[in-house]
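Colleague: coords please:
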Amino acid sequence: MALNVLLVGSGGREHALAWKLAQSPLLNALFFAPGNPGMARLGHNVPIEASNMTLLLDIARREHIGLVVVGPEAPLAAGLADACLAAGIPVFGPTAAAARIESSKAFAKTLMISAGIPTAEAHTFDDPTAAAAFARASGRAWVVKADGLAAGKGVVVSETLAETLDAIQALGATLAGRRLLLEERLSGPEISLIALCDGERVLPLIPAQDHKRLRDGDAGPNTGGMGAYAPAPHLDAADVAALSRQVMLPAVQALAATGTPFRGALYAGLMLTEHGARVLEFNARFGDPETQAILPLLEGDLLAALLACAGQAPLQPDMLGWSKGAAACVVLAAEGYPETPHRGDPIEGLELIDDPAVLVFHAGTAWENGQFVTAGGRVLGVTGTGPDLQATLARAYRAVEMIHFRGMQYRRDIGARATRR
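Modeller: Below you'll find the model as predicted:
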């Protein structure tokens, strides 16, 4: 079987998926919509935005696509998987109804409670004024979450009551924040656990740890993610298996029970508290930048596993394996990110990186006048691999030092806490 695959998206996560899918013996050709300049080296970029369902279905039919892989959350929430299924095109990614586990934090919270999935106490409000009144009456700080999709920027972890009230006002003024959640503050290491799902079964990947804040020491505003490493040392294989049974499988079973089976990548953002793991959020797709750290360690045919999730073959527990060692991704962000990222700045030094254990995933780049330039908030993800996390980080940061563009921002402490354990 020689398969044509259409990968929807244009970020670093999609570049990492493209890199791994390109290794499959089942693959004939890769198409990307819209893709990015880095992805273009692995297949064919098609100038169609991820939100344009009509044109995406047209290209899928014209190129005889055997599997559509949806990267970002927005087209999933908008029903791209539904449209593919209606057209008879196999798709990796949940329907809009199943994707509500990410597109509505209130829906996800209700599902977690009904399924007995351990999570934080939370209160939902349709009115920012009511949320503020509740916060004042409580006299304490809360985590403030916008119910809807906010590109990774819909959560404010408040340190004080005053910060909570400011966050309610700010998020309540956004489209995603028409409904707000106030959630209890938990403490402990945060871990990302992603599982491939076929609607009934789950196949967990190795755990990773993301770094959400912009600056070193977890300072500054929340971002889409400034770096990640895998495997996270806090969970061993037995822990991952237990969390699959306690968290991932109950969520998949709960969605199936409502007639909305989840077929795709289910991401659980976990906090390991002193009372056990608690789910902070679910996402309906691969994490970004966790994917850039996880996939370099994956052994096996990712395309075969995604086809199984799409219902084209049984999902088997031994489909994927993992190499020893570690991988770490350092995100290079544009000047002004996350508020107003600057675009059009030339990127220099990529040609100097010749370490075979370093991968550079494009996220927000463009090719203009014979050179790469910045074209988004998170510009590049520099991923190193090695026998252990310390060696891996050293390799990644050596590569980072070769890359330059105006106002380049990156964290210098990715994985630092783990190496001090």
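Colleague: From residue 60, how far off is residue 112?
Modeller: 34 Å (C-beta to C-beta, to the nearest Å). For the C-beta atoms, the positions are set from N, CA and C on the backbone; glycine is no exception.
Colleague: ditto for residue 272
Modeller: Counting by C-beta to C-beta, the gap from residue 272 to residue 60 is 41 Å.
Colleague: cool, and residue 302?
Modeller: Distance from residue 302 to residue 60, by C-beta to C-beta: 20 Å.
Colleague: What of residue 225?
Modeller: 29 Å.
Colleague: Over to residue 208?
Modeller: 31 Å.
Colleague: domain assignment for this structure?
Modeller: 3-95, 122-183 (automatic domain parsing).
Colleague: where among those domains is the average confidence lowest?
Modeller: Of all these, the minimum mean pLDDT falls on domain 122-183 (a mean of 92).
Colleague: who's in contact with the residue nearest to residue 389 when sequence neighbours are not counted?
Modeller: Spatial nearest neighbour of residue 389, excluding adjacent residues (C-beta to C-beta, 6 or more residues apart in numbering): residue 326 at 4.2 Å. Contact analysis of residue 326 by C-beta atoms under 8 Å, 6 or more residues apart in numbering lists 229, 230, 231, 297, 385, 386, 387, 388, 389, 391, 392.
Colleague: Could you do residue 218 as well?
Modeller: Contacts of residue 218 by C-beta under 8 Å, 6+ apart are 211, 212.
Colleague: gap between it and residue 280?
Modeller: 15 Å.
Colleague: cool, residue 323 as well?
Modeller: For residue 323, the distance to residue 280 - C-beta to C-beta - is 29 Å.
Colleague: Wait, residue 315 touches residue 203, no?
Modeller: Yes - here residue 315 reaches residue 203: they are 5.9 Å apart, a contact under C-beta atoms under 8 Å.
Colleague: Between those two, which contacts overlap?
Modeller: 196, 197, 305.
Colleague: ChimeraX command to pick out the buried ones of the residues you listed?
Modeller: Burial among those is assessed by 16 or more other C-beta atoms under 10 Å; the matching ChimeraX selection reads:
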select :196,197,305
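Colleague: Let me know the closest of the shared contacts of residue 315 and residue 203 to residue 357.
Modeller: residue 305 (24.2 Å; C-beta to C-beta).
Colleague: separation between that closest one and residue 233?
Modeller: For residue 305, the distance to residue 233 - C-beta to C-beta - is 25 Å.
Colleague: cool, and residue 84?
Modeller: 38 Å.
Colleague: out of those two, which sits in the more crowded spot?
Modeller: Remark: of residue 84 and residue 233, residue 84 carries more neighbours, 26 against 18, as counted by other C-beta atoms under 10 Å.
Colleague: which non-adjacent residue is nearest the more buried one?
Modeller: residue 91 (3.9 Å).
Colleague: Go ahead and confirm that neighbour touches residue 76.
Modeller: No - assessed by C-beta under 8 Å, residue 91 is found out of contact with residue 76, at 9.7 Å.
Colleague: what is in contact with these two at once?
Modeller: Joint contacts of residue 91 and residue 76 (C-beta under 8 Å, 6+ apart) are residue 70.
Colleague: quick one: which of the shared contacts of residue 315 and residue 203 is nearest to residue 104?
Modeller: residue 197 (18.5 Å).
Colleague: Look up how far residue 49 lies from that closest one.
Modeller: Residue 197 is 27 Å from residue 49, by C-beta to C-beta.
Colleague: where do the strands sit along the stretch 1-150 of the chain?
Modeller: Shown for the stretch 1-150 of the chain, the strands assigned by DSSP state E, counting those that start in this stretch span residues 3-9, 27-34, 44-45, 67-70, 91-92, 122-125, 143-146.
Colleague: Out of those strands, which gets nearest to residue 284?
Modeller: strand 67-70 (9.3 Å).
Colleague: Which residues does that closest one contact?
Modeller: 3, 5-9, 17, 21, 50, 56, 60, 76, 80-81, 84, 89-93, 264, 285, 303, 306-307, 310, 312.
Colleague: before we move on, back to that, neighbour count for residue 323 and residue 280, which is higher?
Modeller: Shown here are residue 323 and residue 280; by other C-beta under 10 Å, residue 280 has more neighbours (21 against 12).
Colleague: Just give the nearest non-adjacent residue to the more buried one, would you?
Modeller: Using C-beta to C-beta, 6+ apart, the nearest residue to residue 280 is residue 269, at 4.3 Å.
Colleague: And for residue 124?
Modeller: Excluding its sequence neighbours, the residue lying closest to residue 124 (C-beta to C-beta, 6+ apart) is residue 106, at 4.8 Å.
Colleague: So which of residue 272 and residue 60 has more stuff around it?
Modeller: residue 60 (24 against 19).
Colleague: for residue 278, what are its contacts?
Modeller: Per C-beta under 8 Å, 6+ apart, neighbours of residue 278: 118, 119, 120, 186, 270, 271.
Colleague: go again using 6 Å as the cut-off
Modeller: 118, 119, 120, 186, 271 (C-beta atoms under 6 Å, 6 or more residues apart in numbering).
Colleague: How far does the helix or strand containing residue 279 sit from its chain's centre?
Modeller: Assigned by DSSP states H and E, residue 279 belongs to strand 276-283. Its chain's C-alpha centre and that of strand 276-283 lie 14 Å apart, by C-alpha atoms, centre = their mean, to the nearest Å.
Colleague: Show the subsequent helix or strand relative to that strand.
Modeller: helix 290-294.
Colleague: ok, now which ones touch residue 272?
Modeller: 188, 189, 234.
Colleague: Let me know the secondary structure of it.
Modeller: strand (DSSP: H, G, I helix; E, B strand; the rest coil).
Colleague: What's the separation between it and residue 243?
Modeller: 10 Å.
Colleague: How about residue 230?
Modeller: 15 Å.
Colleague: higher neighbour count, those two?
Modeller: residue 230 (31 against 24).
Colleague: Next one: that one, what pLDDT does it get?
Modeller: Reported pLDDT for residue 230: 98.
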